[in-house]
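**Q** Need coordinates for the below:
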Amino acid sequence: MLRNYITVLLCLLAPLVYGGPFAHFLNPITKQANRIDFGTKTHQTLIDKKHWVETGPIAIDSFSISEIRKESEFKTIATNTPNQFILFLECTNQVFSLDLNAKTIKRLDRTYFRGDNCGSYSFIRKGQYYQVGGYGFWETNNHITYFDPQIKEWEGVSVSGDVPTAIYRGYTAYLPEQDKLITISNFSNDISQNFGSLDLMNDIFEFSFATRTWKNLGQISHPYLKDVFSKLPIDSRVRVLYTGKYFVLFPLGSKGHVTITFIDPRDLRIYEYEDINMEFSRFPFFSMTVEKPNIFFHNEWVLGTKYSNDMHLANESKLVNLHEIVKKAKFLGYLTDKPWYQTNWFYAFIMLLVAALCFWTVMKLFGKTNSSNAQKPVITPQIGGHFDEVQLALLNQFLKESAQAGLDVEHVNEILGITQLGADTQRFRRSTVIKELNSKLTIITGEKNAILRVSSQLDKRQKRYMLHDQVKDFVKKELSL
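**A** Got it, this is the predicted structure:
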C-alpha cells in the first residue's frame, strides 16, 4: 500500500521536478500560445489562455538534451515552413530545429564555444541563421555571426565603417527587402573601461549586407523619445517586440492609461497611441519575462493571457493586432528630430537676425551723407504723378503759407479731413501722411528733411510744417504751382 502512495506522489511531483526548461512561442497559424517542455519532453498548448495542456510527446535526440539545463532559456523563430521553428539556446551557440508536424527536435550545431552572446538578436536571412551583438565574459560586443550548416559551426562576418561600440538590449531588426540591419538605443559595458559602467548609447546604426559596412545615421534627438529610452530599464528590454514593420514600446509614465509607441525602422517615423478609452487597461503588455511570459507574439499578433506569475493578477485574455492599433496612432515626428532651439531653421533665423542687425548698425554709422554736398537728382517732368490728391493739396498749401512760416496743425488736419477724430488718431494720421510725403520728396530731390517741423514764432509750444528752401523751388517749378 505504501508503495502505491509513493508512486502516486511521484507522478504528481514529476511535472514540478522534471518540468522545464521551456521554449515559449505563438503559433502563427493557430494564434495559440505554445511551449516545449524539455523536462517532460512534451508539446503543450495554452487552453482558455490560462491552462497548459499537453498535446503529445516530442522526440528530442539525446545530443540535443545533453547540455540543456533547468534554467536554460530559448528564443523561438518561426520559419517560412508551417509548423517549423528554430530554437536558439540563450548564451550559447546551440541551435535546434522544431518540427510540430513530426513532433521532433534536432540539434543542428556541433559547436562547443559559448558564453559571449547573451541577449543577442537572432534572425533568419535568406534561409541562414544569424546573431548580432550580445554580452559575455564581462563585456558587450558588436559581432555579427552566422551558422554554417556544412561545418555545423558559427562563423563571423568581417565588417567596416562606423561600427557601433556594442549591440545589447537595444532595438534591432533585419529588413529583408533592403538586406540591412538597423539598431538603435543600445547599451555598452566593458569591465575594463570606466569601472564597468553600463552606458546607454543614443546612436542609430545601419548595416548593409551588400557592402558589409556599418553607417551611423545620427542620434536619437527627438526630445520625447530620447526621454522614453532613457527611462526604459535594461530589464524591460529582454524581449523586444518587433512586428516586422514597427518596434513597439510601452513607455513608463503617469498618464493613467496605456500608451503604445511605434517606431518604423525604415524611415524612423514615430507614432503614439493613447488608450484613452482604457481598452487595454488590463492587457499584460508589461509582463515580458522569458521564463514565464504573460504575452506571446509573432509579427503583428500579440496574445495576452491570464497565465501569470502573480496569482492575484487578473489579466485580460485577448488577441491583438498591433498593425490595427497603429492606424489609430498619431504621428509624433522622426527619431532624429531636434528641439526647436536646435533646428536648422532656428539657426538660420538667428543668422538672418544677426545679419540684419549688423546691416542696420553699419547704415547708422556710415550711411549718413552731407545733404548740402549731395548731388541732387533731376526731377522728371511727370513728377506730379507721384502724389495723390491729398498730398497735392498739402503741397499747394505749403507754398501758399510759406510766407507765414508754414501750416499749423489745425490747418493740416482740415486738409486731411480728420478734424472730427480724436487727438491720438489725428496725430497718427497726420504723422503717417507727412512721413510718406517727406519720403517721396526725399527720393525726388535728395533732401532728407524735405518737410520741416518748426516751432511757431508766436507760441513756441505750437508746431508748424513747412517745406525746406531747397525743395520749395523744385516743387513750385515742376508742379507749376
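**Q** can you pull the contacts of the spatially most central residue of the chain?
**A** With distances taken as Cα atoms, centre = their mean, the residue of the chain nearest its centroid is L335 (2.5 Å). Counting by Cβ atoms under 8 Å, 6 or more residues apart in numbering, L335 touches I184, I204, I220, S221, H222, L225, I263, L268, I270. Where C-beta positions appear, they are placed from N, C-alpha and C, glycine not excepted.
**Q** switch to 10 Å and redo it
**A** Going by Cβ atoms under 10 Å, 6 or more residues apart in numbering, L335 touches 184-185, 202, 204, 217-222, 225-226, 229, 263-265, 267-270.
**Q** So which of those belong to helices?
**A** L225, K226, F229 (DSSP state H).
**Q** Just the buried ones among the contacts of L335, please.
**A** 184-185, 202, 204, 220-222, 225-226, 229, 263, 265, 268, 270 (16 or more other Cβ atoms under 10 Å).
**Q** F359: which of these is nearest?
**A** S221 (33.1 Å; Cβ to Cβ).
**Q** correct me, but the closest one touches F229?
**A** No: the pair S221 / F229 is not scored as a contact, 11.3 Å apart, by Cβ atoms under 10 Å.
**Q** Overlap in contacts, the two.
**A** Looking at what touches both S221 and F229 (by Cβ under 10 Å, 6+ apart), the common residues are N202, L335.
**Q** Just the pLDDT for the spatially closest residue to V409 that is not a sequence neighbour.
**A** Once flanking residues are discounted, V409 sits nearest to K463: 6.2 Å by Cβ to Cβ, 6 or more residues apart in numbering. For K463, the model assigns a pLDDT of 77.
**Q** tell me the contacts of K463?
**A** With Cβ under 10 Å, 6+ apart, K463 has these contacts: G406, L407, D408, V409, V412, R453, V454, S455, S456.
**Q** residue contacts, the first one?
**A** Pointing back at G406 there. Counting by Cβ under 10 Å, 6+ apart, G406 makes contact with 397-398, 412, 451-454, 456, 463-467.
**Q** which ones among these are found in helices?
**A** Among the contacts of G406, the ones falling in helices (DSSP H) are Q397, F398, V412.
**Q** any chance of the residues you listed in JSON lines, plus neighbour count and pLDDT?
**A** Shown next, in JSON lines, are those (neighbours: other Cβ atoms under 10 Å; pLDDT from 0 to 100):
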{"residue": "Q397", "neighbour count": "17", "pLDDT": "79"}
{"residue": "F398", "neighbour count": "22", "pLDDT": "77"}
{"residue": "V412", "neighbour count": "22", "pLDDT": "81"}
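**Q** Quick one: the residues you listed as TSV, columns for distance to R212 too.
**A** Formatted as TSV, the ones in helices among the contacts of G406 follow (distance: Cβ to Cβ, whole Å):
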residue	distance to R212
Q397	87
F398	84
V412	83
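**Q** Return the member of those residues nearest to F96.
**A** V412 (99.0 Å).
**Q** surely that closest one meets Q391?
**A** No: at 11.9 Å, V412 does not count as touching Q391 under the criterion of Cβ under 10 Å.
**Q** what residues do those two have in common as contacts?
**A** Shared contacts of V412 and Q391, counting by Cβ under 10 Å, 6+ apart, come down to V433, I434.
**Q** what about F262, distance to L225?
**A** As for F262, its distance to L225 is 11 Å (criterion: Cβ to Cβ, to the nearest Å).
**Q** where do the strands sit along the stretch 301-450 of the chain?
**A** 301-304, 318-321, 330-334, 407-408 (DSSP state E, counting those that start in this stretch).
**Q** Which strands and helices lie in contact with the third one?
**A** Contact here means 3 or more Cβ pairs under 10 Å, 6 or more residues apart in numbering; DSSP states H and E; on that basis strand 330-334 packs against helix 223-231, strand 259-263, strand 269-274.
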